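J.: kindly generate the corresponding structure for this input.
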Amino acid sequence: MPDTPLLDKVHVPADMRGFDAAQLRQLADELRAETIDAVSTTGGHLGAGLGVVELTVALHHVYNTPDDILIWDVGHQCYPHKILTGRRDRIRTLRMGGGLSGFTKRSESEYDPFGAAHASTSISAALGFAAARDQQGKQNKVVAVIGDGSMSAGMAYEAMNNAAETTGQLTVILNDNDMSIAPPVGGMSAYLAKQVSGGAYQNFRKFGREVVQHMPRPFREAARKAEEYARGMVVGGTFFEELGFYYIGPVDGHDMDNLVPILKNAAAITDRPVVVHVVTQKGKGYAPAESSADKLHAVVKFDVVSGKQSKSVSNAPSYTKVFGTELIKRAAIDPSIVAITAAMPSGTGLDLFGQAYPKRTYDVGIAEQHAVTFAAGLAADGMKPFCAIYSTFLQRGYDQVVHDVAIQKLPVRFAMDRAGLVGADGSTHAGSFDIGYMGALPGMVLMAAADEADLAAMIATACEIDDRPSAFRYPRGDGVGVEIPELAAPLEIGKGRIVREGTAVAILSFGTRLQESLKAADLLAAHGISATVADARFAKPLDHDLITRLAREHEALITVEEGAMGGFGAFVLQFLASEGALDAGLKIRTLHLPDVFQDQDSPAAQYVTAGLDADHIAAAALKALGVEKSALSQRERA
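T.: Here you go, the predicted model:
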């Protein structure tokens, strides 16, 4: 455990508001050490939090949180914030079942006024808080912290465009940790930022505005433009000024001596919104993070001294890697294949594709709406775009999927990574809804991979579909270890497969619960119950022949999917009802994710909670058949 005498005295932010500059610097050092030590035992997002340690200390020192509203964008960087806001005693439960969330969460603390795990929401939310404050006649401050990556999303600009016309006091902290907006800054830039944010400069500006108000209109406009141009030449803020914000910066986000007074000056500006452009270094203060290409953005448990992570070795590749590798194979024989990602090249496997085909890979930034319509444009002109987006993030581009892709029957191929439960990332990143929202669209071909070979075949299938959109879903994590063909053959569209033949009950799996369905069949066999196991492969179009056969030849039918209700099971029920199969006395159960947002936990525990493990699948079959014993004992399992 690190030595943290000053941090030990800070239980809530109010405890540090009397600290002087030297104490604040020491507190930041101790907070950084505590963050590193905590994440080394839990894993999680490290680099982003280390980059905002000084900023976190300064914000809680200057602003009267929680009365003053502090909103973090995405939330990857919120671990230091959690330590300072009464949650230090639980910080080593991060991302565990029953522990602290890896993101801000309203139900967790009054210091988390707005939950965030998807990017670019902070300014919109902060504007809502500021407008509510003004409506209620309150005087508290509102602050949004947004990264330069999150600023690539259109939502951030929509909010900024609206802000100047809606509210007075609102501070946006632009956390620039990748130098994508401005180069590193030194003492002179910090000095200038302090001067232009100070009361003397503010009073001079106000006096100047009052003087020019008495001049003819052309002179007033010329004076305004000259003043903003002069400031833009010095500190680069013309763009934000044009949006109606007062711009301060760039500011060294690790220089506490300048950061604190600048934030105090910004807080005192109440007649218009303010942007404080803070330049930080992701992974700051921890050598292994500073030297890593991704600044140790996300890590598993690691050794603090060496930075070496305790990564387990798998016998099977991850589904993400399979996607990237198989797409490279296809691109080698089809020059029309291109790939699009929304700021997640490594997360979707397109970093591999980008290395092989850099000119055929497009990273559009955190802009899922744009990614979808951009892919639609590519498809409309004869290319074969694969739009690889996490299931949970594709929700953000759904209108574009409907309007720009599906209605026009454009052959965009959607690769939906992280479909289903995602363990430690919890409800905000779980791909729970794509079966329902993609399956609802006329003409959509919707597939789910049961294993790595299935995924390879679905990529091949998507390549062949040129008259309508298609989508295939696959989970986070490693495959099951099946052999992948050198070049997978396409599947027959709308056709599933029988994996195991039985007589009494049929288990119809859509996606990665196939292995658990097979285990459930083994458990049923211990009761003398013969089970058929089938892999649906397609939710749309459904394999009507397969479903009809399973319904006709079995007493009970169990559908299994790693998605929310209203998905695959509902499609099957709709078909069977239309065919009158339910009138014949078929016993059917649909197993899906529960109608709740599941919190983070280990994947195995999440599946048990969801009732999608082998025991629960077998128990559902037994219940459908009227067998009284609804759970299998450890002895029977053995």
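
J.: which stretches of the stretch 301-450 of the chain form strands?
T.: For the stretch 301-450 of the chain, strands defined by DSSP state E, counting those that start in this stretch occupy the ranges 337-341, 361-363, 384-390, 413-417, 445-448.

J.: what do you get for the stretch 51-200 of the chain?
T.: Using DSSP E, counting those that start in this stretch, strands in the stretch 51-200 of the chain cover 69-72, 142-147, 171-176.

J.: run through the neighbouring helices and strands of the second one.
T.: With contacts taken as 3 or more CB pairs under 8 Å, 6 or more residues apart in numbering; DSSP states H and E, strand 142-147 sits against helix 53-62, strand 69-72, helix 122-136, strand 171-176. From N, CA and C alone the C-beta is placed, and that goes for glycine too.

J.: mind putting the ones you listed in JSON lines, mean neighbour count and mean pLDDT included?
T.: Below are the helices and strands packed on strand 142-147 laid out as JSON lines (neighbours: other CB atoms under 10 Å; pLDDT from 0 to 100):
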{"stretch": "helix 53-62", "mean neighbour count": "26", "mean pLDDT": "98"}
{"stretch": "strand 69-72", "mean neighbour count": "26", "mean pLDDT": "97"}
{"stretch": "helix 122-136", "mean neighbour count": "19", "mean pLDDT": "95"}
{"stretch": "strand 171-176", "mean neighbour count": "28", "mean pLDDT": "92"}
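
J.: determine which of those approaches Asp363 most closely.
T.: With CB to CB as the measure, strand 171-176 is the member of the helices and strands packed on strand 142-147 nearest Asp363 (18.6 Å).

J.: how far off strand 142-147 does the closest one point, in degrees?
T.: 10 degrees (axes from the mean of the first three to the mean of the last three CA atoms, to 10 degrees).

J.: circling back to that earlier point, out of the strands of the stretch 51-200 of the chain, flag the one nearest Ala376.
T.: strand 142-147 (28.0 Å).

J.: elements contacting the longest helix along the chain?
T.: Longest helix in the chain by number of residues (criterion: DSSP state H): helix 21-42. Under the contact definition 3+ CB pairs under 8 Å, 6+ apart, helix 21-42 sits against helix 47-51, helix 53-62, helix 79-82, helix 256-267.

J.: I'd like to know which elements the third one is packed against.
T.: Counting by 3+ CB pairs under 8 Å, 6+ apart, the packing neighbours recorded for helix 79-82 are helix 21-42, helix 53-62.

J.: can you redo those as a markdown table with distance to Ala419?
T.: Listed next are the helices and strands packed on helix 79-82 as a markdown table, based on distance: least, CB to CB, whole Å:
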| stretch | distance to Ala419 |
| --- | --- |
| helix 21-42 | 25 |
| helix 53-62 | 34 |
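
J.: select, out of these, the one closest to Ala618.
T.: Among the helices and strands packed on helix 79-82, helix 21-42 comes nearest to Ala618, with 33.7 Å by CB to CB.

J.: report the inter-axis angle for that closest one versus helix 53-62.
T.: 120 degrees.

J.: helix 21-42: what's the following helix or strand?
T.: strand 44-45 (DSSP states H and E).

J.: how many neighbours does Ser602 have?
T.: 13 (other CB atoms under 10 Å).

J.: that one contacts Gly98, correct?
T.: No: judged on CB atoms under 8 Å, Ser602 makes no contact with Gly98 at a distance of 11.3 Å.

J.: quick revisit: return the set of buried residues in the longest helix of the chain.
T.: Neighbour counts over helix 21-42 (16 or more other CB atoms under 10 Å) mark 23-36, 38-40, 42 as buried.

J.: for it, output the C-alpha coordinates as PDB.
T.: Extracted in PDB, the C-alpha atoms of helix 21-42 (Å, rounded to 0.1, in the frame of the first residue of the first chain):
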ATOM      1  CA  ALA A  21      -0.700  24.800  -3.300                       C
ATOM      2  CA  ALA A  22       2.000  22.600  -1.800                       C
ATOM      3  CA  GLN A  23      -0.500  20.400  -0.100                       C
ATOM      4  CA  LEU A  24      -2.500  20.100  -3.300                       C
ATOM      5  CA  ARG A  25       0.600  19.000  -5.200                       C
ATOM      6  CA  GLN A  26       1.300  16.400  -2.500                       C
ATOM      7  CA  LEU A  27      -2.300  15.200  -2.500                       C
ATOM      8  CA  ALA A  28      -2.100  14.700  -6.300                       C
ATOM      9  CA  ASP A  29       1.000  12.600  -5.900                       C
ATOM     10  CA  GLU A  30      -0.600  10.500  -3.200                       C
ATOM     11  CA  LEU A  31      -3.800  10.100  -5.200                       C
ATOM     12  CA  ARG A  32      -1.900   9.000  -8.300                       C
ATOM     13  CA  ALA A  33      -0.100   6.300  -6.200                       C
ATOM     14  CA  GLU A  34      -3.400   5.100  -4.700                       C
ATOM     15  CA  THR A  35      -5.000   4.900  -8.100                       C
ATOM     16  CA  ILE A  36      -2.100   2.800  -9.500                       C
ATOM     17  CA  ASP A  37      -2.100   0.500  -6.500                       C
ATOM     18  CA  ALA A  38      -5.900   0.000  -6.600                       C
ATOM     19  CA  VAL A  39      -6.100  -0.700 -10.300                       C
ATOM     20  CA  SER A  40      -3.200  -3.100 -10.100                       C
ATOM     21  CA  THR A  41      -5.400  -5.300  -7.900                       C
ATOM     22  CA  THR A  42      -8.700  -5.000  -9.800                       C
END
